[in-house]
Structure formats: structure tokens, C-alpha cells
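Student: next input, structure requested:
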Amino acid sequence: MISINNLTVAYGGFVLLDDINFHISENDKIGLVGKNGAGKSTILKIICGLQHPTSGKVAVPLGLKIGYLPQIMEHHKGRSVIDETMTAFADIISLEKELDSLTAELASREDYESKEYQDLIIRMNDINDRLSYSKDESPRVRAEKTLMGLGFKYEELDRATETFSQGWNMRIELAKILLSKPDILLLDEPTNHLDIESIEWFESYLKDYRGSLVLISHDRKFLDNVTGRTVEIMLGHIHDYKVPYSQYLELRKERIAQQQAAYENQQRMIAKSEEFIERFRYKPTKSNQVQSRIKQLEKLERIEVDVEDNSALSVKFPPAPRSGDIVFKAVDLTVGYGQKVVFSHADIEVRRGEKVALVGRNGEGKTTLMRVITGELAPMSGEARQGYNVNIGYYAQNQEDILDKNDTVFGTLDRIAVGDIRTKLRDILAAFLFKGEDIDKKVAVLSGGERARLAMAKLILKPYNLLALDEPTNHMDIRSKDILKQALKAYDGTLIIVSHDRDFLDGLVDKMYEFRDGQVKEHLGTVAEFLEKRKIENLNELERHFRPASEVPAEVVEKKAVSQQKYQEKKFVSKEERRLRNRVAFLEKSIGETEEKMKNIEAVLANPGPQDDIMELTREYLELKRDLDAKTDEWINAGSALGLQ
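Tutor: Got it, this is the predicted structure:
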């Protein structure tokens, strides 16, 4: 369908894409992957004709309809959400007008046998066929369903587009692209501004989409669930795998291992041949054999091992100073701006060592709560307080406004660093992939991913015991996200995180607070369980808007019945009991980790080396011992309350 042939993109002496070739076939679902700056977005722009290559060409069939969603786009103003979305049906509206005109003309003519009359009939039939194909539902209903699937509420559809944020306007543009039914979708980071529920809906849509898809995403699960082919860009070259992302990782590892083994075997053979040539070069009796070996080496096709770009984050958060058992507590909390209430009557408790996710639809108050936690925003009513000795490291979503664009990368850290850490600033920046001349770059010229890394580097400068992170993985590539996730799992302080990345949250957080319809609800259990429950509720909500009860599919009714049954079975378990069970599980895990750390220190103290700081190790051991005693006491008390002891 689309052929990319001998494509090269170079800027001055730097080659971004080097003579690449691949083909996009009909119904292909391709994940385009690679590190930030590898050239993924450039390929999409070239396919769309928005950018031209240095050499090579892209062959796109005439009449192919392309739906392209860039990372950054212009948003239209002056219309309501639904009216702007309905512009996606401009071609259908035009056909309907033409059909009305043809019908009127045919009614007024009597030259039934003429060629002109027959041509009008043919054109009318053609339009009718096209309209019947596109009218499985009315355009308005399709637009409403798509907008609500992407997270809009029904009552918001008549609001002006300019009253919504950039992220919400991106959803309007995405809805218009989907409704236009393109032959191929080119999507550049479409999930960056979508919440978890919208991602789930969008994922289902793309699974059923019958056209071709080229998708750039740093969401591993999204790639696995939507794509069946992975095209990797690495150091200017591409590697094409006919499998989803997770399988690609395994095949890639095998390919490089096989290349390395073949390369080493060939190098041994070459070394033996060269040794033979050198040894017998001047012996007349061996001259024929020597010449034969020389010719073999000249004709030999040398095996090369693909160079891997192994640069990656190296993140380790400093040990967290001890805080009180309650890190943040809100009782009957109501918060908003001016007269507008964002959420009300919320009860929230975050305890020391917990890792908590704030999830839900954009605009429901997740970032607003972060501002309350950090003390930037006062409640309208109710109580919100930090615990004893809490020191917050805050990563804000709007890095554009917080980082000084006129400062350099190095200066951003140098301005706030104090004490001995100032001598390690270059090492810290190198750990976040700012090396050599990179540290002198102005913040203004950094990409979104680079700004995210710089903001994260600031959190390494001080030993915080509460990390409050608002969408930290936006613009981060998959490898960087994996490393950050492992660092946060190893972090011994408390974590509160806003994220829509299911894979990132899975296995990281202990509990979630869901923000929905002006309320905040605590959820215990895994991310997968939460998503399954919300999927059932959302499906019922969508069906309620568009179908009478008699038309709801049997499987939806069945799912609803199962959901209600589960609710009936669980409603007798009190919220406090669920909270205690969750706390017991957390304490058991935390006690095990603390005991393992103490065991490692004991081993060092039993046989210290010249580089080991005995005083520091002893201090750390005693701190862990106090922490272990406190957690053990709490575990016993919680277990007794549940009747487990």
C-alpha cells in the first residue's frame, strides 16, 4: 500500500535515517519504536508529505485517505465540541446536498433515454451507495459515541472548544480523524493526553479498525494490545519484526546474540587464516595454499554486529529520612478554584511507605489534589494536613512553566544544589543522559522528553521522603520508563503518583484513589481489577445514552448482573476491614524488605572492607531496626483487629 524506498534524512553532517526501506501493507498494525530522537515522528511527517527526505522516496497510492495525529497541533475555536467534531462529516454533508440537487434535476427532466439522464442516474446510485456504507448510524450519534469514548461527558458536548485544555482539544481532533474513516491511521503518541479509561476505549476501537495503522507510543501494553508488527529505528537503521512489542524484545535479543556468535566464529576463522598466511607466506611448497587463503579472505562477506544504543537513565533516589506514620490526611475535603468546586467531601489517608496512584478522567482534580498536598492550594472546606517531618519532592506536569527557559541544563541544577552534591552535578546529569555539550543547552531548545528528564534530575538533589509525581512518564521512551519504575519500586519513602500508564502503575502502587464526578473513591486491589470493574461500568453508561433497555446486548446484561452479584457479595465487608487487609499486606512486604536490608548490612559489618563506612552503616542499621519495630507493632495490631493473630 505505502512503500518507503531508500529513505535518507540528514541534517548537515548528522544522518538521522540512513537508506531505510519498508512497506506498509493493507490492514497492517505497526508499532514504530525507538529512543526519543530516533526519527519516528520524522517518518510519519514524510509519509504525510509534511517533510521531504534528503534522498529516497515514499510511494503513496493516489486517493489513499490518511488520518494523521501529530504530537502538537493547531486547535480550532469558535464552535461547540459536537459542532467541531461534526466537521469530520463534511464530505457526507456535501454528498447529501449533491443528492438533493440530483433528485430535483431528475424530477424536472423528461429525456429519459438521453446519455445525460443516464449519467445522472449512475451518479445518484454511486452517491447512494457511498452514503449507505457510511450511515450504519447517524453522524451525530457516531460523533457522540466517539467523544464519550474519549472521555467527554454528554453534557459537555455543547461547550465551546476554547473552554477546554490543549489535551481535551487533542481528543476532539482525534475524534474527527477516527470519524473520517481513513484508509490508514498515523498516530504520534496519541495516549499522552488520554486517561486510563479513554485509553481502554481507544484500544478497543483500534483492535476493530479495518484500515492500516502506524503507531508511535511509549505505552508497552497499548502497543502489545493493538499492534502485530514492530518496526524499530536504531541509530539510523530499521529492523522489522512481524510480532507485537513484547515478542519483538525477545526476538531482538536472540537476533543480536546470534549475530555476535556468528561474528566471533568468523573472527576466529579469519585469525587462523591470517596466521597461516603469515606463517607460510615465504614457503614455496605452501604458496598455492597461501594464495587460496588470501583470495578466500578477499571474497569473504564480513559479518557485522548491529550496534545497540545502550544509553539509558541511571536513577537511584537518595534514602528517605523518616517521617511520621501518617504522611498526608484529608477529612471531608472540598477543593476548587474561585466558586468552582472540583471535588468535595473526600477522605484520603496516605501512610508512610505507601505507593499511591491518583487515577481518573482529566480535569477531575488529580493535579488539584497534588497542589493541596504540596501546600500550593488551600481547601475550600474540610481538613488537609501533612504528617510529621514530611519533606516533599514535587514533579509538576507543566514543566513548560516551571523550568526557566533562559537557563542551561547545568544551571538548572546548579542554582538549587547545596553542599557536597554540587560536586556531583555532572554525574547526575550524565545519569539522565545529559553528557558533553548537552549540559550547556538552553532549556528552551530541549524536547519534551529532555525536559522531563531534567525535572526528574532535580529530585535527586535532596533526600525527600514523599515524592509527588504528576504524569512523570509523558514523553519518556519505554526503556527510560522501565528504569524509573524500578527506581521508584526501590525507593524507601512514600510515593503519590498521577499517571495514565497502566503498565507503569502495574506492580508499583499499593492502592488508588479514583477521581470521578466530583468525588474521590479509594480502590484496593490491582490496577487490572480496577480497570475491569470500570470497563463494565463505562459500557453500561454508554449503552444507557444510546440504546433502549430492550436493545442492550445479552453479554452486557450478563456482565452487569455479574458485577451486581459481586457487589452484593462484597458489600458486607466494611471499608475499614478492606483498608486493614491492604495495610497488613503492605506491612508484610515492607517488613521482608527491611529485614533483607538489615541482613545485608550485618554481612558487611561482620567483614568490613577498607572502603566501608562503619559509622554510617551502623547508623543506617539502627534506623532500619527502629523502622522494623514500628512496622512489626503495627502489623500485630492490624492483624489482631482482623482476627488474624
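Student: residue ranges for the helices of the stretch 351-500 of the chain, please.
Tutor: Assigned by DSSP state H, counting those that start in this stretch, the stretch 351-500 of the chain shows helices spanning 366-373, 399-402, 409-414, 425-431, 448-458, 478-490.
Student: now D129, what's its secondary structure?
Tutor: helix (DSSP: H, G, I helix; E, B strand; the rest coil).
Student: how deep is it tucked in, by neighbour count?
Tutor: 10 (other Cβ atoms under 10 Å). C-beta here means a position set from N, CA and C on the backbone, and glycine is covered the same way.
Student: give me the pLDDT for it.
Tutor: For D129, the pLDDT comes out at 72.
Student: output the lowest mean pLDDT helix or strand found in this protein.
Tutor: helix 554-570 (a mean of 53; mean pLDDT, DSSP states H and E).
Student: now do the SS call for L297.
Tutor: Classification of L297 using three-state DSSP returns helix.
Student: picking up where we left off before, and the helices of the stretch 351-500 of the chain, which one's lowest on average pLDDT?
Tutor: Among the helices of the stretch 351-500 of the chain, helix 399-402 scores lowest, with a mean of 64.
Student: near the nearest residue to I392 once chain neighbours are set aside, how many other residues are there?
Tutor: Leaving out its chain neighbours, the residue that sits closest to I392 by Cβ to Cβ, 6 or more residues apart in numbering is L466, at 4.8 Å. Residues lying near L466 (other Cβ under 10 Å) number 23.
Student: list the contacts of L466.
Tutor: Applying Cβ atoms under 8 Å, 6 or more residues apart in numbering, we find L466 in contact with 323, 327-328, 390-393, 493-496.
Student: of those, buried ones?
Tutor: Buried by 16 or more other Cβ atoms under 10 Å: 323, 327-328, 390, 392-393, 493-496, out of the contacts of L466.
Student: I'd like the residues you listed laid out as a markdown table, including pLDDT and distance to L194.
Tutor: A markdown table is the format used below for the buried ones among the contacts of L466 (pLDDT from 0 to 100; distance: Cβ to Cβ, whole Å):
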| residue | pLDDT | distance to L194 |
| --- | --- | --- |
| S323 | 90 | 34 |
| V327 | 94 | 29 |
| F328 | 95 | 27 |
| V390 | 93 | 32 |
| I392 | 93 | 27 |
| G393 | 91 | 26 |
| G493 | 92 | 29 |
| T494 | 94 | 27 |
| L495 | 95 | 23 |
| I496 | 96 | 21 |
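Student: how is this protein partitioned into domains?
Tutor: With domains defined by automatic domain parsing, the chain comprises 2-68+233-246, 75-181, 249-299, 326-524, 575-642.
Student: figure out which of these is closest to D219.
Tutor: domain 326-524 (5.9 Å; Cβ to Cβ).
Student: check the offset of that closest one from the chain's centre.
Tutor: Computed by Cα atoms, centre = their mean, to the nearest Å, the chain-centroid distance of domain 326-524 equals 16 Å.
Student: and the residue positioned nearest the centre of the chain, how far from D501?
Tutor: When Cα atoms, centre = their mean is applied to the chain, the residue found nearest the centroid is D219 (3.7 Å). Separation of D219 from D501 (Cβ to Cβ, to the nearest Å) stands at 6 Å.
Student: picking that back up, how about JSON lines for the helices of the stretch 351-500 of the chain, with mean neighbour count and distance to W635 added?
Tutor: Compiled in JSON lines, the helices of the stretch 351-500 of the chain are given as follows (neighbours: other Cβ atoms under 10 Å; distance: least, Cβ to Cβ, whole Å):
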{"stretch": "helix 366-373", "mean neighbour count": "22", "distance to W635": "26"}
{"stretch": "helix 399-402", "mean neighbour count": "13", "distance to W635": "39"}
{"stretch": "helix 409-414", "mean neighbour count": "20", "distance to W635": "40"}
{"stretch": "helix 425-431", "mean neighbour count": "17", "distance to W635": "36"}
{"stretch": "helix 448-458", "mean neighbour count": "21", "distance to W635": "33"}
{"stretch": "helix 478-490", "mean neighbour count": "17", "distance to W635": "21"}
